[in-house]
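Peer 1: what follows is a predicted structure for the sequence shown.
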Amino acid sequence: MRLAAALTFVFLLFPSSAFAEVTAIHECVCTYLPNAATAEVNQTFENLEWVPRGETPNGELCQKFCTSYAAGAGGTFTSAAYSLREEEVFKGLKPVLGVDIPGFEGFQDPVRVNGVLQVGFIGEYIAAIYRWLIGIMAVFAVIMIMVGGIQYMLQGGSQQGVTEAKQRITNALVGMVILLGSYTLLYTTNPQLTLLNAIRIKAVDSIDSTLSPSEGPAVASSTTTAIGTALQSCKDAEQAAYARTCPLSQTYKSPVRTSYSCNYHFRANTPNYDSSKMRGLDYAVPWGTEIFAPQNGTVLFKKGSASNRCGNQIDVIFDGAILSMCHVKDFIGESGRIVKQGEAIGHSGGRCCNGETKPTGGAWATANISGTCTYSGTPCADPFSQESCTCQPIEQSGNTTGPHVHTTFKIAGDVFDPLVCLR
């Protein structure tokens, strides 16, 4: 019961990282062809197994290591693949057994890798019982051999007694061979047959049911109907996204460390939007909220102009994809630099100064900015200088009714459903 209760406890709490210790895992997968072999072999190495002390892990270093490894293994180097993933170890969620199992040192902490929680409690429990039973049966077999030996010595000239003693000893020895040999046979046939895999649970991020400020005019509908329709469309879009596989080798995280808003982007039957094929996400955050790199990559800053309605923009390029963030107040650091996931790269904006008028022509020609530019205070001028200001020119705020961060996700230049790769 305690084991079941602990599993339930973990299932309820694992989406939160409050108890987690996050570790970066640098993985290098070497593929090579052994001499006189017809099939390639993949070998995976992690962190210090392949990264020299003091060196920064990267694809070039991985290829160099794999080339050397393949030569040392007497094979021909084929390819190398480097990846970085986060491993979250959840402390303090392990069950405590009411009755100790001799030789069992305790359960391993649950681990979440790439959005998948791995809980090995049941497998570890069964394995501990199995090892304990092997020990008990081995002791029982030795006792039976000793009993058979004593029986053999005390039989005198009784041929029947001697035969029974021999049979007892033989049975005990056969039992030991079967007991110990079964594991060896399974391991020799396929090592995976001796492993009890951990339960794997895919993480589902919580959804913010509040409506964020939107780009452009509000939808002509009552508040109750709008929220209800959006919430149902959120569920439809999420189910469609979770049924698909992210085509990238690495996923990305929320740029503001909060969940996205369930707003009009999800609403079914809205022109240019389909609940099963999302084209953008909004994150409702206060003015000046820090924006973080959603993944390791290259960051680019673009000051807002009259040519688009995004306003100040941040692009993070990673793994052949681009995550663009609109309605930014200012930028942190230099454009074009390499950033790590979680590194601060800017602050949220989206406050258009009172009295601003929309640019003429271009992307703004059909824009409705009614109720958009209503903020008073000190206007921002240069997004590269992190000024102390309270509102923005419309070119920098973009077409929005209030502070938030709008994201668009592209793979190979094509807009892609951002939910599929968001973890």
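Peer 2: Everything's here; your move.
Peer 1: OK, contacts around residue 188?
Peer 2: Taking C-beta atoms under 8 Å, 6 or more residues apart in numbering, we find residue 188 in contact with no residue. The way it works is simple: take the backbone N, C-alpha and C, and place the C-beta from them, glycine included.
Peer 1: now it: how far from residue 181?
Peer 2: Distance, residue 188 to residue 181, by C-beta to C-beta, to the nearest Å: 10 Å.
Peer 1: how about residue 50?
Peer 2: Noted for residue 50: a distance of 37 Å to residue 181, by C-beta to C-beta.
Peer 1: just residue 411 next, same as before
Peer 2: Counting by C-beta to C-beta - residue 411 and residue 181 are separated by 52 Å.
Peer 1: higher neighbour count, these two?
Peer 2: residue 411 (17 against 12; other C-beta atoms under 10 Å).
Peer 1: which non-adjacent residue is nearest the more buried one?
Peer 2: The shortest distance from residue 411 to any non-neighbouring residue, by C-beta to C-beta, 6 or more residues apart in numbering, is to residue 321 (4.8 Å).
Peer 1: over to residue 176?
Peer 2: residue 141 is the one closest to residue 176 (C-beta to C-beta, 6+ apart), at 4.5 Å.
Peer 1: what stretches of this protein score poorly on pLDDT?
Peer 2: Judged by pLDDT under 70, the chain has its weakly predicted residues at 1-20, 92, 114-115, 190-194, 203-233, 264-278.
Peer 1: that one - how does it break down into domains?
Peer 2: Annotated domains of the chain cover 1-12+94-203, 20-90, 223-421 [automatic domain parsing].
Peer 1: now, of those, which is deepest in the fold?
Peer 2: With neighbours defined as mean count of other C-beta atoms under 10 Å, those peak in mean count at domain 223-421, which reaches a mean of 18.
Peer 1: how about the nearest residue to residue 317 once chain neighbours are set aside, secondary structure?
Peer 2: Once flanking residues are discounted, residue 317 sits nearest to residue 298: 4.6 Å by C-beta to C-beta, 6+ apart. Under DSSP: H, G, I helix; E, B strand; the rest coil, residue 298 falls in the strand class.
Peer 1: residue 298 against residue 335, yeah?
Peer 2: No: look at residue 298 against residue 335 with C-beta atoms under 8 Å: they stay out of range, at 9.3 Å.
Peer 1: what's the distance between stretch 128-145 and the middle of its chain?
Peer 2: Centroid displacement of stretch 128-145 relative to its chain, using C-alpha atoms, centre = their mean, to the nearest Å, is 42 Å.
Peer 1: for stretch 355-374, same thing?
Peer 2: Per C-alpha atoms, centre = their mean, the centroid offset for stretch 355-374 relative to its chain is 39 Å.
Peer 1: got the CA coordinates for that stretch in CSV?
Peer 2: C-alpha atoms of stretch 355-374 as CSV (Å, rounded to 0.1, in the frame of the first residue of the first chain):
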residue,chain,number,x,y,z
GLY,A,355,-1.7,59.1,-28.9
GLU,A,356,0.3,56.8,-31.2
THR,A,357,-1.1,56.3,-34.7
LYS,A,358,-0.5,53.3,-36.9
PRO,A,359,2.1,53.4,-39.7
THR,A,360,0.6,53.7,-43.2
GLY,A,361,0.6,50.9,-45.7
GLY,A,362,2.4,47.6,-45.5
ALA,A,363,1.4,45.1,-42.8
TRP,A,364,-0.4,47.9,-40.9
ALA,A,365,-2.8,48.7,-43.7
THR,A,366,-5.6,46.5,-42.4
ALA,A,367,-4.7,46.7,-38.7
ASN,A,368,-7.3,47.8,-36.2
ILE,A,369,-5.6,49.6,-33.3
SER,A,370,-8.8,50.8,-31.6
GLY,A,371,-8.2,50.6,-27.8
THR,A,372,-4.6,49.7,-28.4
CYS,A,373,-2.5,52.8,-27.7
THR,A,374,-3.8,53.8,-24.2
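Peer 1: need the contact partners of it.
Peer 2: Against stretch 355-374 from outside (C-beta under 8 Å, 6+ apart): 216-217, 306-309, 352-354, 393-395, 397, 399-401.
Peer 1: show me which pair in those residues is furthest apart.
Peer 2: 307 and 354 (23.6 Å; C-beta to C-beta).
Peer 1: show me what contacts the residue of the chain positioned farthest from its centre?
Peer 2: In the chain, counting by C-alpha atoms, centre = their mean, residue 157 sits farthest out from the average C-alpha position, at 74.1 Å. By C-beta under 8 Å, 6+ apart, no residues touch residue 157.
Peer 1: contact partners for the residue nearest to residue 176?
Peer 2: 172, 173, 175, 176, 179.
Peer 1: just the residues you listed now: which is nearest residue 247?
Peer 2: Using C-beta to C-beta, the contacts of residue 141 come closest to residue 247 at residue 179, 48.2 Å.
Peer 1: nearest spatial neighbour of that closest one, skipping sequence neighbours?
Peer 2: Nearest to residue 179 is residue 137, by C-beta to C-beta, 6+ apart, at 5.4 Å.
Peer 1: host element of the one you found?
Peer 2: Assigned by DSSP states H and E, residue 137 belongs to helix 121-153.
Peer 1: check which element follows that helix along the chain.
Peer 2: Moving toward the C-terminus from helix 121-153, the next helix or strand (DSSP H and E) is helix 159-189.
Peer 1: report the angle between that next one and helix 121-153.
Peer 2: 150 degrees (axes from the mean of the first three to the mean of the last three C-alpha atoms, to 10 degrees).
Peer 1: from the chain's centre, how far out does helix 159-189 sit?
Peer 2: Using C-alpha atoms, centre = their mean, the offset of helix 159-189 from its chain centre is 49 Å.
Peer 1: again, but for stretch 77-90
Peer 2: Distance of stretch 77-90 from its chain centroid, counting by C-alpha atoms, centre = their mean, is 12 Å.
Peer 1: could you do stretch 88-97 as well?
Peer 2: The answer for stretch 88-97 is 19 Å, by C-alpha atoms, centre = their mean.
Peer 1: can you check stretch 248-263 too?
Peer 2: 11 Å.
Peer 1: residues touching residue 312, list them.
Peer 2: Residue 312 neighbours (C-beta under 8 Å, 6+ apart): 301-304, 326-331, 349, 383, 392, 396, 398.
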